[in-house]
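Peer 1: Coordinates for the following, if possible.
(one chain, ligands or ions: 3)
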Amino acid sequence: MTQGEKITVENGQMNVPNHAIIPFIEGDGTGPDIWAAASRVLQAAVDKAYNGEKSIVWKEVLAGQKAYDKTGEWLPAETLDTIRDYKVAIKGPLTTPIGGGIRSLNVALRQELDLFTCLRPVRHFTGVPSPVKRPEDVDMQIFRENTEDIYAGVEWQEGSDEVKKVIKFLQDEMGVKNIRFPETSGIGVKPVSKEGTERLVRSAIDYAIEEGKKSVTLVHKGNIMKFTEGAFKAWGYDLAEREYGDKVFTWKEYDQIVEEKGREAADKAQSEAEDAGRIIVKDAIADIFLQQILTRPKEFDVVATMNLNGDYVSDALAAQVGGIGIAPGANINQETGHAIFEATHGTAPKYAGMDKVNPSSVILSGTLMLDHLGWREASELISKSMDKTIGSKVVTYDFARLMDGAREVKCSEFADELIKNMG
Ligand SMILES: NC(=O)C1=CN([C@@H]2O[C@H](COP(=O)(O)OP(=O)(O)OC[C@H]3O[C@@H](n4cnc5c(N)ncnc54)[C@H](OP(=O)(O)O)[C@@H]3O)[C@@H](O)[C@H]2O)C=CC1
Ligand SMILES: O=C(O)CCC(=O)C(=O)O
Ligand SMILES: [Mg+2]
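Peer 2: Residues are numbered from 1 along each chain as shown. Ligands and ions are numbered 1, 2, ... in the order given. Sure thing, here's the model as predicted:
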């Protein structure tokens, strides 16, 4: 068996050996079924694309239930150290209990490794059943801030001594009068910083420039949460204008032109900017955005938003292109090169061990990983095979229940079909 070598990053440059060691977390619930299928497909694509010259050498690291059963810890330090050391990892979903118990291990991994961008590309694959008329109009890249917002976990439970202290502080020292039921409230705090916003928006605009995209939309609820979500919008526009100058045209500039010269002049300036290939940086309030992605998805391209909005938006958009069974993602720190690839969906516990669910989200997260490594030939083999396999109506239960004339296969059989249909 090939021993493999570590991926390294020097001066911002990633060096990928031909036989790269990639740590993986199998995941809870349906994770083991999905991982068994996905790892086979990824390896087969690399073998086929490079005739054995390149390979992935998988290295298991523990997290979640499996880690707890073996080590007594949910997220062992060794797991974090290994991913830090090997730079790039891939994972199955991990369970988070609701209301109490451990905090999210998925969020902890992102925070511990400072993987500030959660990139979730959403596009339609031929033949995938969708609840909308033109799913092919959806082609968006969600850049979700991954380290702050209410996901930072700064909250206190109703009735605790801590929450009483916080409420007393808010009322006595901060003049807060509108906590409706102070005796029975839990309190959560939502930190959103300028640095956090700027690095996320920067990564979105850099991506838009590199990939020749037309627009970046800042999605926020700044009318209500003025100093967090509203500030996100303001900092995003300021950064775009300060760091990208002529490469972008912002709706802040548009508004200034409206004020000074009227709407016609502003429309003309925007249209000239579009013709010149400048990226339009615009914004949308989160509630109307959720309508507009359904009614006119073509108007959106790259989307930059905070953690909670990004979580909701990515599941909603996944539904438009066929659901959570085919929704990949990547958690990336563009500055250190660290990245963990994972699906948008969770552990789907009711299907655990049934070899039933769709492994496509983790497989496509794997294709994002292959792209990240520069192994595009292998990732293309998978994307094409995915189109071919689904196009021939060989699908898992989630698609089969929405398709006429489909042949329903198990999770592992779907992987077999993908491998068979490669090239
Ligand atoms: N990054 C991560 O690891 C994430 C972890 N979670 C965690 O997962 C657990 C369960 O969360 P829950 O809210 O139920 O969401 P899930 O995404 O796990 O499942 C919800 C439903 O989505 C469908 N689904 C999910 N995955 C697949 C798949 N691979 N193929 C086909 N259909 C799929 C199923 O729908 P149907 O019933 O219609 O068949 C399933 O019942 C929680 O502990 C949560 O915290 C959640 C999200 C992300
Ligand atoms: O960590 C979790 O359990 C849920 C996270 C989640 O929903 C997501 O990242 O999309
Ligand atoms: Mg989610």
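Peer 1: ok, which residues in the stretch 251-400 of the chain are in contact with ligand 2?
Peer 2: 311, 344 (CB under 6 Å from any ligand atom). From N, CA and C alone the C-beta is placed, and that goes for glycine too.
Peer 1: And the strands in the stretch 251-400 of the chain, which stretches?
Peer 2: Under the criterion DSSP state E, counting those that start in this stretch, the stretch 251-400 of the chain contains strands at 279-285, 302-305, 330-332, 339-342, 394-395.
Peer 1: Deepest in the core, which of those strands is it.
Peer 2: Each of the strands of the stretch 251-400 of the chain was scored by mean neighbour count; the highest is strand 302-305, a mean of 28, by mean count of other CB atoms under 10 Å.
Peer 1: helices and strands around that one, which ones?
Peer 2: Counting by 3 or more CB pairs under 8 Å, 6 or more residues apart in numbering; DSSP states H and E, the packing neighbours recorded for strand 302-305 are strand 139-145, helix 194-210, strand 215-220.
Peer 1: Listing partners with orientation, what would you give for that strand?
Peer 2: Looking at strand 302-305 with DSSP bridges, its partner strands are strand 139-145 (parallel), strand 215-220 (parallel).
Peer 1: Compute the number of surrounding residues for I419.
Peer 2: 20 (other CB atoms under 10 Å).
Peer 1: Ignoring the adjacent residues along the chain, who's closest to it?
Peer 2: Using CB to CB, 6 or more residues apart in numbering and skipping the chain neighbours, the partner closest in space to I419 is A44 (4.5 Å).
Peer 1: part of a helix, is the one you found?
Peer 2: Yes - judged by DSSP: H, G, I helix; E, B strand; the rest coil, A44 forms part of a helix.
Peer 1: what about it, neighbour count?
Peer 2: The burial count for A44: 20, using other CB under 10 Å.
Peer 1: can you check G127 too?
Peer 2: Using other CB under 10 Å, G127 is surrounded by 18 other residues.
Peer 1: residues contacting it?
Peer 2: Taking CB atoms under 8 Å, 6 or more residues apart in numbering, we find G127 in contact with 387, 390-391, 393, 403.
Peer 1: switch to 7 Å and redo it
Peer 2: Residues near G127 by CB atoms under 7 Å, 6 or more residues apart in numbering: 390-391, 393.
Peer 1: Give me every residue in the stretch 1-150 of the chain lying close to ligand 1.
Peer 2: 93-96, 106.
Peer 1: How about the contacts made by the residue of the chain found nearest ligand 1?
Peer 2: Closest to ligand 1 within the chain is G346: 2.2 Å, counting by CB to the nearest ligand atom. Taking CB under 7 Å, 6+ apart, we find G346 in contact with P93.
Peer 1: Quickly note the distance from it to E408.
Peer 2: Noted for G346: a distance of 22 Å to E408, by CB to CB, to the nearest Å.
Peer 1: how does this structure divide up, domain by domain?
Peer 2: 1-119+326-422, 130-148+189-321, 155-188 (the TED database).
Peer 1: Including mean pLDDT, could those domains go into a markdown table?
Peer 2: A markdown table is the format used below for the domains of the chain (pLDDT from 0 to 100):
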| stretch | mean pLDDT |
| --- | --- |
| domain 1-119+326-422 | 96 |
| domain 130-148+189-321 | 97 |
| domain 155-188 | 97 |
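Peer 1: and T250, how many neighbours does it have?
Peer 2: 25.
Peer 1: For it, which non-adjacent residue is spatially closest?
Peer 2: Spatial nearest neighbour of T250, chain neighbours left out: V281 (4.3 Å); criterion: CB to CB, 6+ apart.
Peer 1: rewinding a little: which one of the contacts of G127 has the most neighbours?
Peer 2: I390 (26 neighbours).
Peer 1: That one against F125, yeah?
Peer 2: Yes - counting by CB atoms under 7 Å, F125 is a contact partner of I390 at 5.8 Å.
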